[in-house]
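1. Kindly return the folded structure for what I paste below:
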Amino acid sequence: MQDTGVPTWLEYFLSCQAVISIQFVTRKKTASILSESLFRININTIQDYRALLGNPELEAIAIATEAQYHYQITRECLLSGKHVLAEKPLALSSDECKDLIGITKTKNRLLMVEHLLEYHPAVRKLKKLIDSRELSRIY
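-> Next up, the predicted model:
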């Protein structure tokens, strides 16, 4: 994937066949920057994420905001029955993380934390080299 200034997780989603539409909760200025970077998709924006929670067609929400809001927004999304992909850190305390994990079990939802480099082309290539033992045995 080329460097477009777009978050890695979004580039990954765009490469998946299952993604049909993307809704951003953002300021208008940020949306126009994203639209320029991702000219191949139509970007819709709203100001308040809570407007998405009641949408039965929306199965999952990716949260990319300031760390202090991750717990609150993730919690509300899970409680509304959505699967969640959150940027790291998931929350600012282990108690908040435990609470979110408990909700995922109760609601039978998926909760994933985005690790920026996991899908980076260089990391994928390195894993392929390691798995093939082309680099010899690594300890």
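
2. Any regions of the chain where pLDDT drops low?
-> Along the chain, the parts satisfying pLDDT under 70 run over 1-46, 116-119.

3. switch to 80 and redo it
-> In the predicted model of the chain, residues 1-47, 64, 115-121, 123, 135-139 satisfy pLDDT under 80.

4. Do a quick rundown of the strands in it.
-> 23-25, 44-46, 60-63, 83-87, 111-114 (DSSP state E).

5. and the third one, what does it pack onto?
-> If contacts are counted by 3 or more C-beta pairs under 8 Å, 6 or more residues apart in numbering; DSSP states H and E, strand 60-63 sits against helix 8-15, helix 67-79, strand 83-87. Every C-beta, even on glycine, is put in place using the N, C-alpha and C of the backbone.

6. Which positions in the longest one come out as buried?
-> Translated: helix 67-79. 70-71, 73-78 (16 or more other C-beta atoms under 10 Å).

7. again, but for the shortest one
-> Within strand 83-87, the residues that qualify as buried by neighbour count (16+ other C-beta under 10 Å) are 83-87.

8. Now do it: which elements does it pack against?
-> Packed next to strand 83-87, using 3+ C-beta pairs under 8 Å, 6+ apart, are strand 60-63, helix 67-79, strand 111-114.

9. what's the answer for the second one, then?
-> Secondary structure elements in contact with helix 67-79, counted by 3+ C-beta pairs under 8 Å, 6+ apart, are helix 50-53, strand 60-63, strand 83-87, helix 94-107.

10. pull the CA atoms of the second one into PDB?
-> Read it as strand 60-63. Once non-C-alpha atoms are left out, strand 60-63 reads as follows in PDB (Å, rounded to 0.1, in the frame of the first residue of the first chain):
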ATOM      1  CA  ALA A  60     -18.900  -2.400  13.300                       C
ATOM      2  CA  ILE A  61     -17.200   0.900  14.200                       C
ATOM      3  CA  ALA A  62     -13.600   1.800  14.100                       C
ATOM      4  CA  ILE A  63     -12.500   4.400  16.700                       C
END
